[in-house]
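Chemist: attaching a predicted model along with its sequence, questions to come.
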Amino acid sequence: MQKYDNCWLNKDTFFNKNYESYILHGDCDITNSIHKEVGYFLSLRQVYEENLADLVFKKLEQQDSSLGIEGFKIDIGKTTYISSNTPVGLLYGFFKFINLLQNDNLSSIVEIPKNSIRMLNHWDNINGTVERGYAGSSIFFENNQIVKDKSVIYHYARLLASVGINAVSINNVNVHKIETYLIREPLLSCVSDIAYIFRKYGIKLYLSVNFASPVEIGELDTADPMNEDVINFWEKETNRIYKKIPDFGGFVVKADSEHRPGPFTYGRNHADGANMLAKALQPHGGVVFWRCFVYNCEQDWRDRKTDRAKAAYDHFMPLDGSFDKNVILQIKNGPMDFQVREAVSPLFGSLRKTNTVLEFQIAHEYTGHALHVFYLPSMYKDILKFKTYAEVSKDGCIMDILKHYPCENNELNGITAVAGIGNDFNLTGHKLSQANLYGFGRLAWNPKTCKSEIAKQWINSTFNINENAKNIIKDILITSPQTYENYTAPLGVGWMVNIYTHYGPSVNGYEFDRWGTYHFSDRNGMGVDRTLKTGTGYTRQYLDKNFEIFENIDTCPDELLLFFHYVPYTHILKSGKTVIQHIYDTHFEGVEKVEEYIKKWNEIKEELDIVSFKNVKNRLQEQYRSAKEWRDQINTYYYRMSGIEDEKGRTIYK
Ligand code: GCV
């Protein structure tokens, strides 16, 4: 058995055309990678004749400005030309060419990425654990060191390049004691070794840093961003990093959040903190990703005025325009925390003078721990298409905001995601979760790509199976988010998970705790009143049109009803059902759908390799067990709260 699953670069799906040789001019880290990739590709054909050239890579002598630094052209003919202004463009072009072959869709194309930042954040700790990771241990760290065997990092880097990822941060945003020293020798040299691998695939390396490093490392007794010694400290650290890693990307920072240190300790704001680091990085071309996930995690649950959903906007909106040019605000897709369904952050469309990236999560923290199937591109698409009504385009949807704010053709906007990958044989734990990593790359490159096209491409590139089996897998993927949503927390209310692990149902797990995450269910109804009129006023953070839509119970979409409103159980949804009947129906439907997945998966056993078959089969069984637990706990809880019978008389535990 090979060491790692080839994922969507599966050799069995490469060929239906006979490419026998190639010419590639130039020599640098990336062109060497291209040589390796093409050599691998040709060796699989078992034909290699040095002097035939039916694939030619052309680094354009005369720059084609329309292609930018990462775009490429593929011209299909008797000889196929892949051309670009840069080596990395050629690499992307080659991987695209492979992808077109795998999908039996070879045609001449031009591609230019829509977003300049296409990044993955790893929450890996130096002891080898991965925060919110469900796919094994870290591929970067083990036993408080960098891993000795780096082969998986190569494997991973080429996978990422094949879908256009160009940036990674390798350590957890919760930067603990030892990780604070990643910016210093001897660990820095090891970081540099990892940067070398990613560089070969056109990917820049970033580190998450501890805002209190000057204190933690023991050099100063303050981390105040206005203090001269602190400013000098970061300048010196940064200079040292760039000596070792000349193309180092910069820092990712979680500050003043969930007990992480930050500028608030010194009476400073987040612009003061971010700009201080930005100034140290600026001479080297580095940037700071400053996270907006800032909220009070010590809230009193009795306090009905404070609303965690409002926190990011309240902290960052007043600072719009005060960040340095090389600061990028990193905003989670929703105002709470990667729930299965929550509103889209109102910072998008409101911030006008600040660089921003959208932060998604690929790790399955709230989406079933890589034990349940959950096809994330569906969720990503809903978010990217969300209309903010900012004037940037007709509807000001998120994908346009990313491209155009704060200015046309911005170089520092894009999308990042919490990767959640680990050293499991298939990197993602659940084989079908590979589609999420793949899909994220595709959407970061071009947010307009449609979710079913992504699923189709991933399946074609990953499996060598018949059409029926392909359709079954595609159907499971496409329906999976709705299935999961059906048997978990209803109508956008979120948070009914076991506290800390975030796996499995616990209706009141977070209800009387300090995290600001409530559903306020009582005998009369449920949901969070976030209206301006009678609630927390969160709705007012949106631009006018969305404010009106969400404020009004009649126009608020059903799937977010309980996120924005408290309603009686007998409230009639747009679907015509009462809230309570919707809860019962969806929870039964969700479980039935998982049963169907199990049946369908068994039907295609003969088509699949045994490792993939078993991987998914075992997980589907756990998903089924867990879905029943969700169904019964949620239905029973709301039956007991409301006293209202299920119209269909199904079993509810009374
Ligand atoms: C890295 C949530 C998660 C934490 C995570 C945090 C964040 O609270 O549960 O594990 O910490 O988000 O995004 O910083």
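Modeler: Perfect, I can see it now.
Chemist: which SSE is the closest residue to the ligand within the stretch 401-550 of the chain in?
Modeler: Minimum separation of the stretch 401-550 of the chain from the ligand (CB to the nearest ligand atom) falls at residue 502, amounting to 6.7 Å. From N, CA and C alone the C-beta is placed, and that goes for glycine too. Residue 502 belongs to no helix or strand when assigned by DSSP states H and E.
Chemist: and the gap between it and residue 366?
Modeler: 6 Å (CB to CB, to the nearest Å).
Chemist: tell me where the stretch 451-600 of the chain has helices.
Modeler: 451-462, 467-487, 544-551, 561-564, 579-603 (DSSP state H, counting those that start in this stretch).
Chemist: so which of the ones you listed is the most surrounded?
Modeler: helix 561-564 (a mean of 26; mean count of other CB atoms under 10 Å).
Chemist: what mean pLDDT does that helix have?
Modeler: Per-residue pLDDT values across helix 561-564 average out to 98.
Chemist: same deal with stretch 522-532?
Modeler: Mean predicted lDDT for stretch 522-532 stands at 98.
Chemist: list the buried residues of it.
Modeler: Residues of stretch 522-532 classed as buried under the neighbour-count rule (16 or more other CB atoms under 10 Å) are 525-531.
Chemist: for the ligand, tell me which of those residues show up nearby.
Modeler: Of the residues in these, proximity to the ligand by CB under 6 Å from any ligand atom holds for none.
Chemist: does anything pack onto the helix ranked longest in the chain? Which helices or strands?
Modeler: Longest helix in the chain by number of residues (criterion: DSSP state H): helix 610-642. Counting contacts by 3 or more CB pairs under 8 Å, 6 or more residues apart in numbering; DSSP states H and E, helix 610-642 packs against helix 467-487, helix 579-603.
Chemist: rounded mean pLDDT for that helix, please.
Modeler: Taken as a whole, helix 610-642 carries a mean pLDDT of 98.
Chemist: now it against helix 467-487, angle please.
Modeler: 30 degrees (axes from the mean of the first three to the mean of the last three CA atoms, to 10 degrees).
Chemist: residue 424 contacts residue 135, doesn't it?
Modeler: Yes: with contact defined as CB atoms under 8 Å, residue 424 reaches residue 135; the gap is 4.4 Å.
Chemist: between these two, point out the one with more neighbours.
Modeler: The neighbour comparison of residue 424 against residue 135 (other CB atoms under 10 Å) goes to residue 135, with 23 against 20.
Chemist: mind checking how far the more buried one is from the ligand?
Modeler: According to CB to the nearest ligand atom, to the nearest Å, residue 135 stands 16 Å off from the ligand.
Chemist: thinking again about what came up before, between residue 502 and residue 366, who's got more neighbours?
Modeler: Counted by other CB under 10 Å, residue 502 and residue 366 do not tie: residue 366 has more neighbours, with 23 against 20.
Chemist: list the contacts for that one?
Modeler: 337-340, 494, 497, 502 (CB atoms under 8 Å, 6 or more residues apart in numbering).
Chemist: tell me the SS of it?
Modeler: Here residue 366 is recorded as coil under DSSP: H, G, I helix; E, B strand; the rest coil.
Chemist: just to revisit the earlier point, looking at the helices of the stretch 451-600 of the chain, spot the one closest to residue 279.
Modeler: Residue 279 lies closest, by CB to CB, to one member of these: helix 544-551, at 35.9 Å.
Chemist: of the helices and strands packed on helix 610-642, which approaches residue 269 most closely?
Modeler: helix 467-487 (37.2 Å).
Chemist: re earlier: let's have the helices of the stretch 451-600 of the chain in JSON lines, adding distance to the ligand.
Modeler: Formatted as JSON lines, these follow (distance: least, CB to the nearest ligand atom, whole Å):
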{"stretch": "helix 451-462", "distance to the ligand": "25"}
{"stretch": "helix 467-487", "distance to the ligand": "18"}
{"stretch": "helix 544-551", "distance to the ligand": "24"}
{"stretch": "helix 561-564", "distance to the ligand": "18"}
{"stretch": "helix 579-603", "distance to the ligand": "24"}
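Chemist: would you convert these into a markdown table that also reports distance to residue 191?
Modeler: A markdown table is the format used below for these (distance: least, CB to CB, whole Å):
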| stretch | distance to residue 191 |
| --- | --- |
| helix 451-462 | 31 |
| helix 467-487 | 36 |
| helix 544-551 | 42 |
| helix 561-564 | 40 |
| helix 579-603 | 41 |
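Chemist: hang on, the earlier thing: now the helices and strands packed on helix 610-642 in CSV, with mean pLDDT?
Modeler: CSV is the format used below for the helices and strands packed on helix 610-642 (pLDDT from 0 to 100):
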stretch, mean pLDDT
helix 467-487, 98
helix 579-603, 98
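Chemist: can you tell me which of the contacts of residue 366 has the most neighbours?
Modeler: residue 494 leads the contacts of residue 366 on contacts (other CB under 10 Å) with 25 neighbours.
Chemist: in this structure, where is pLDDT below threshold?
Modeler: 1-2, 15-18, 25-27, 42-53, 407-410 (pLDDT under 70).
Chemist: and it, which residues reach the ligand?
Modeler: Going by CB under 6 Å from any ligand atom, the residues of the chain near the ligand are 123, 131-132, 173-174, 254, 258, 293, 337.
Chemist: of these, which belong to strands?
Modeler: The members of these all map outside strands under DSSP state E.
Chemist: show residues contacting stretch 611-619.
Modeler: Contacts for stretch 611-619 (CB under 8 Å, 6+ apart): 1, 5, 370-373, 425-426, 430-432, 463, 598, 601-602, 605.
Chemist: again, only using 6 Å
Modeler: Identification of contacts with stretch 611-619 by CB atoms under 6 Å, 6 or more residues apart in numbering yields 371, 430-431, 601, 605.
Chemist: so which bits of it are buried?
Modeler: Judged by neighbour count using 16+ other CB under 10 Å, the buried positions of stretch 611-619 are 612-613, 615-616, 619.
Chemist: and of these, the nearest to the ligand?
Modeler: Distances from the ligand to the buried residues of stretch 611-619, taken by CB to the nearest ligand atom, are shortest for residue 619, at 21.9 Å.
Chemist: tell me the phi and psi of the residue positioned nearest the centre of the chain?
Modeler: Closest to where the C-alpha atoms of the chain average out (CA atoms, centre = their mean) is residue 417, at 2.7 Å. Residue 417 adopts backbone torsions of phi -150, psi 150, taken as degrees, to the nearest 10.
Chemist: same deal with residue 251?
Modeler: With angles defined as degrees, to the nearest 10, residue 251 sits at phi -110, psi 150.
Chemist: do the same with residue 387
Modeler: Torsion angles, degrees, to the nearest 10, at residue 387: phi -90, psi 120.
Chemist: which residues pair with it across the strands?
Modeler: Per DSSP bridges, the residues bridged to residue 387 are residue 397.
Chemist: how close does it get to residue 417?
Modeler: Applying CB to CB, the value for residue 387 to residue 417 is 22 Å.
Chemist: kindly report the same for residue 104.
Modeler: In terms of CB to CB, residue 104 sits 29 Å off from residue 417.
Chemist: what of residue 644?
Modeler: Taken as CB to CB, the span from residue 644 to residue 417 is 40 Å.
Chemist: equivalent analysis for residue 220, please.
Modeler: From residue 220 to residue 417 the distance is 34 Å (CB to CB).
Chemist: my read is that residue 72 contacts residue 93, right?
Modeler: Yes: applying CB atoms under 6 Å, one finds residue 72 in contact with residue 93, separated by 3.4 Å.
Chemist: of those two, which one has the most company?
Modeler: Between residue 72 and residue 93, residue 72 has the larger neighbour count (other CB under 10 Å), namely 29 against 26.
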